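Quick one, what's the 3D model for this:
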Amino acid sequence: MIITELLAVLSISAAVGLRLALPLLLIGLLSGPSLWSNVPILSQLSPSLVVGVLASWSLCELVVSKDLGSRQMLQNVELLFSPFVGAIAGIAIARTVGLSGWLAGLVGLVGGLLALVIQLFQTGWLYRPQRPAVWLLFLQDALCVSLVLLAFDAPQQGGLIALLLLWLIIRNSAIWRHWYLTARAPTAKKSLPQHRQFPD
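I've put the predicted structure just below:
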């Protein structure tokens, strides 16, 4: 059923939104001997090269993400590539569960958009006065791995978690916008020219 396949794609795309290379590495390891045969572009490259690059990038994500000073540069790079990686990961899962052709491309596009939204939220969080705690970053790592595993073994649960994550992002974004407008209101009032009062 198409709903189940779509939920699987949402699950893997949400994982890409949290971490970029780690989901691709896990897709290859969970695919068995064929490795990245269903993943666009990666299937054309040497498996040893792909393993080396993805393992190195995944280690960089897991280590650098804990350093809040270096996190901003890493986040900007991940934001740039997130829609592309989300799309190819979504297409890979779509092909794995039996979708092909334009339908796999369509759900891959949806996956790329979801990954981009989650990465945008993470980037916005870095520019807030109160940055995320380190324990939250470890929770992101665990959630990323869980979403990849659920995309293969329990796509319904993984897709529902991805939708819940999207709902939380939309809700928090609305709160952030309200906070931003409230913070700007007193400043705007102070910047207005004050009319002098002249005695009669």
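
now stretch 82-94, how far from the chain's geometric center?
Relative to its chain's centre, stretch 82-94 lies at 11 Å (Cα atoms, centre = their mean, to the nearest Å).

List the buried residues of that stretch.
Judged by neighbour count using 16 or more other Cβ atoms under 10 Å, the buried positions of stretch 82-94 are Ser82, Pro83, Val85, Gly86, Ala87, Ile88, Ala89, Gly90, Ile91, Ala92, Ile93, Ala94. Every C-beta, even on glycine, is put in place using the N, C-alpha and C of the backbone.

how near is the third one to Leu114?
By that I understand Val85. 12 Å (Cβ to Cβ, to the nearest Å).

what does Gly124 give?
Plainly put, Gly124 is 16 Å away from Leu114 if you go by Cβ to Cβ.

Among the two, which residue is more densely surrounded?
Leu114 (28 against 14; other Cβ atoms under 10 Å).

Identify the residues contacting that one.
Residues in contact with Leu114 (Cβ atoms under 8 Å, 6 or more residues apart in numbering) are Leu10, Ser13, Ala14, Gly17, Gly86, Ala162, Leu166.

Tell me the helix or strand right after the helix or strand hosting it.
Assigned by DSSP states H and E, Leu114 belongs to helix 101-126. Using DSSP H and E, the helix or strand that follows helix 101-126 towards the C-terminus is helix 134-153.

now what about that next one, what contacts it?
So helix 134-153 is contacted by 8-9, 11-12, 14-15, 18-19, 22-23, 26-27, 30, 62, 65-66, 93, 96, 157-158, 161-162 (Cβ under 8 Å, 6+ apart).

Please repeat the previous calculation with a cut-off of 7 Å.
Identification of contacts with helix 134-153 by Cβ atoms under 7 Å, 6 or more residues apart in numbering yields 8, 11-12, 14-15, 18-19, 22-23, 26-27, 30, 62, 65-66, 93, 157-158, 161-162.

PyMOL command to pick out the buried ones of the residues you listed?
Burial among the contacts of helix 134-153 is assessed by 16+ other Cβ under 10 Å; the matching PyMOL selection reads:
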select buried, resi 8+11+12+14+15+18+19+22+23+26+27+62+65+93+158+161+162
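
quick one: which of the contacts of helix 134-153 sit in strands?
In strands, judged by DSSP state E, none of those are found.

Rounded mean pLDDT for stretch 135-145, please.
The average pLDDT within stretch 135-145 is 89.

Same question for stretch 156-167.
If you average the pLDDT over stretch 156-167, you get 94.

Could you tell me how far Ile2 is located from Leu103?
Ile2 is 8 Å from Leu103, by Cβ to Cβ.

can you give me the helices for this protein?
2-18, 21-30, 47-64, 68-96, 101-126, 134-153, 155-191 (DSSP state H).

Give me the distance from the second one to the chain's centre.
Mean-position distance between helix 21-30 and its chain equals 15 Å (Cα atoms, centre = their mean).
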